[in-house]
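Asks: just need the structure, nothing else, for what follows:
(one chain, ligands or ions: 1)
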Amino acid sequence: MTMGTAAVRVRGLWKRFGQQVAVAGVDLDLPAGKFIGLVGPNGAGKTTTLSMVTGLLRPDQGSVEVAGHDVWRDPVAVKARIGVLPEGLRLFERLSGRELLAYTGRLRGLPGDEVDKRATQLLDVLDLAGAQHRLVVDYSTGMRKKIGLAAALLHNPEVLFLDEPFEGVDPVSAQTIRGVLERYTGSGATVVFSSHVMELVESLCDWVAVMAAGRIRATGTLADVRGDAPSLQAAFLELVGAGTRDTASDLDWLGGGTR
Ligand SMILES: Nc1ncnc2c1ncn2[C@@H]1O[C@H](COP(=O)(O)OP(=O)(O)OP(=O)(O)O)[C@@H](O)[C@H]1O
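Replies: Predicted coordinates for the structure are as follows:
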């Protein structure tokens, strides 16, 4: 894939769960080689969108292309080119971290010695070398994110999708993950990650898509989306119209007063 082409191209994407419309007609072009943040409040539809984009959830309507291939017509081509760290990551709990990477690498069709080499480096960079022979079931939340990230990177994907990768991760591990991702995008790969933490997106991303109530509300470079607002957070609150409600008056019983 050449620079300048879209890493992800979404057209007319819809998903309903019963009465609930989770994704309401999303169109999105995400440029290759960027660090991209998909931001929005809880329930905006980020996870549902990423699940459909990565071939984990079938859309009601619409199309998705990743790295030039249609996700639903050509799933094998797409899955070979992407890495995914899903929300609520499920791992093989009774494997050690090292075994999990070995298994993932072989599933990806990599030769055994290459898997060993890459696994050793990833475990080292992600500060998991000391825990590599412990079972995944005994890993902490942050360690699980890191081993999940290692598994998603092992085959050197063109596009990496991360759903809330920093949730439950301590600042030191977050810095480590960040370093790995920056190096990876620096080499021309694309990272798409979802988050509701604006400061994080602002400090990491060069491109953002703002989502609310199942729709894309703004998309573009960080500077474009931020506009004249002092921060992405402020721009975001303006976009989704959440800055005006006086929440304090709704909770007048909270603190002090009657119990
Ligand atoms: N499997 C499901 N069944 C029913 N409703 C669902 C399902 N998955 C998502 N939803 C609903 O769709 C909407 C979008 O959810 P989604 O998880 O995509 O949001 P999100 O932006 O990822 O939120 P968060 O930041 O809280 O993870 C929500 O109203 C949610 O309740």
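
Asks: which bits of the chain sit near the ligand?
Replies: Phe17, Gln20, Ala22, Gly40, Asn42, Gly43, Ala44, Gly45, Lys46, Thr47, Thr48, His196 (C-beta under 6 Å from any ligand atom). Where you see a C-beta, it was placed from the backbone N, CA and C, and this is true even at glycine.

Asks: just the buried residues of the residues you listed.
Replies: Buried residues within the residues of the chain next to the ligand, defined by neighbour count using 16 or more other C-beta atoms under 10 Å: Ala22, Gly40, Ala44, Gly45, Lys46, Thr47, Thr48, His196.

Asks: quick check, pLDDT for the first one.
Replies: Read it as Ala22. pLDDT for Ala22: 97.

Asks: repeat for the third one
Replies: Reading off the per-residue confidence, Ala44 sits at a pLDDT of 93.

Asks: give the contact list for it.
Replies: His196, Met211, Ala212, Ala213, Gly214 (C-beta atoms under 8 Å, 6 or more residues apart in numbering).

Asks: rewinding a little: mind putting the buried ones among the residues of the chain next to the ligand into CSV with secondary structure and distance to Arg106?
Replies: Converted to CSV, those look like this (DSSP: H, G, I helix; E, B strand; the rest coil; distance: C-beta to C-beta, whole Å):
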residue, secondary structure, distance to Arg106
Ala22, strand, 35
Gly40, coil, 37
Ala44, coil, 37
Gly45, coil, 35
Lys46, helix, 32
Thr47, helix, 29
Thr48, helix, 31
His196, coil, 36
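
Asks: identify the farthest-apart pair in the residues you listed.
Replies: Ala22 and His196 (15.6 Å; C-beta to C-beta).

Asks: all strands for this protein, in order.
Replies: With strands called from DSSP state E, the chain shows them at 6-17, 20-31, 35-39, 61-66, 69-70, 82-85, 159-163, 190-195, 207-212, 215-221.

Asks: from these, which stretch is densest packed?
Replies: strand 35-39 (a mean of 27; mean count of other C-beta atoms under 10 Å).

Asks: contacting residues around that one?
Replies: Contacts of strand 35-39 with the rest of the structure, by C-beta under 8 Å, 6+ apart, involve 30, 46, 49-50, 181-182, 185, 190-196, 198, 200-201, 204-211, 232, 236.

Asks: can you tell me the strand partners of it and which way each runs?
Replies: If you go by DSSP bridges, strand 35-39 pairs up with strand 190-195 (parallel), strand 207-212 (parallel).

Asks: now that strand against strand 215-221, angle please.
Replies: Angle, strand 35-39 to strand 215-221, by axes from the mean of the first three to the mean of the last three C-alpha atoms, to 10 degrees: 150 degrees.

Asks: tell me the angle strand 35-39 makes with strand 20-31.
Replies: Using the same axes, to 10 degrees, strand 35-39 lies at 160 degrees relative to strand 20-31.

Asks: angle of strand 35-39 against strand 159-163?
Replies: Orientation check (the same axes, to 10 degrees): strand 35-39 against strand 159-163 gives 30 degrees.

Asks: using a markdown table, lay out the strands paired with strand 35-39 together with mean pLDDT.
Replies: A markdown table is the format used below for the strands paired with strand 35-39 (pLDDT from 0 to 100):
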| stretch | mean pLDDT |
| --- | --- |
| strand 190-195 | 94 |
| strand 207-212 | 94 |
